[in-house]
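Engineer: Sequence and predicted structure are below.
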Amino acid sequence: MKRRFLIAISSLSLIAAVCSFANEALTGGRGISPQAIAQQTSVAAQAGLSPDHIEELSQAGFPIAVPTYVPPNFTVSFVEVNPLSPDGNPRDRMSAGYRIVYRQPAGSGFPAECFEIEAALGGIGGIAADQQVEASLPPFVQAPTDYSYHVHWSDLNTGEPPFPHEVLFSDWIEAETVFYRVTSLLNEQRYCNRISPEQANQILESLRYLD
């Protein structure tokens, strides 16, 4: 009986050693806890990102924020990344960024809704639409004291600039050196309806860093 007990202890030690080795391999020797790994996986899963999407976004060269709230039936349509050059060339900062496009499958013969998460390191700006509501901020953004961020939208379909059709977009939300926002129909998505300002705020508030 004593011998079996010693064998059981040895087996448990071997399992612990294997688990420790596996964790070291998965984390690249950085000592990242299993909880941190699970959190990163959870954020990607909530954002509906595939391994290919994650791999593409990881090439950006700056922090990636993704929505952990995605309205029902929305899926990632495509991901577009303009990476920052390894030397951090200031000229490249004006064009560096990414877009994650989400679409809701069409049903009942009506166009589906769509929205985008955008990030940029520079070159931001623009004009406001005719309606707005105060934006709900993600936890990694500190609210400014001298102004507030907003979600802007227009219900007009006049065909005239600056917004010839329905559109929605938040202000560029500043977090450290990167700006993020949520948009809908701003980038001429075809066969697509605009999400509501309430949905946009839920999405914006749910942004979390991917790693």
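Structural biologist: Everything's here; your move.

Engineer: burial of the closest residue to residue 172 other than its chain neighbours, as a residue count?
Structural biologist: Leaving aside its chain neighbours, residue 172 sits nearest to residue 179 (4.0 Å; criterion: C-beta to C-beta, 6 or more residues apart in numbering). (C-beta placed from N, C-alpha, C; glycine too.) Using other C-beta atoms under 10 Å, residue 179 is surrounded by 18 other residues.

Engineer: How about residue 158?
Structural biologist: Residues within reach of residue 158, counting by other C-beta under 10 Å, total 9.

Engineer: residues in contact with residue 168?
Structural biologist: Applying C-beta atoms under 8 Å, 6 or more residues apart in numbering, we find residue 168 in contact with 115, 129, 151-154, 182-186, 194-195, 197, 200.

Engineer: ranges for the helices of this structure?
Structural biologist: Taking DSSP state H to define them, one finds helices in the chain at 2-27, 34-46, 51-57, 90-93, 197-205.

Engineer: Where among those is average confidence lowest?
Structural biologist: The stretch with the lowest mean pLDDT among the helices of the chain is helix 2-27, at a mean of 36.

Engineer: What sits closest to residue 97 if chain neighbours are left out?
Structural biologist: Nearest to residue 97 is residue 120, by C-beta to C-beta, 6+ apart, at 4.0 Å.

Engineer: let me fix that: residue 126
Structural biologist: Nearest residue to residue 126 in three dimensions, chain neighbours excluded: residue 169, at 7.8 Å (C-beta to C-beta, 6+ apart).
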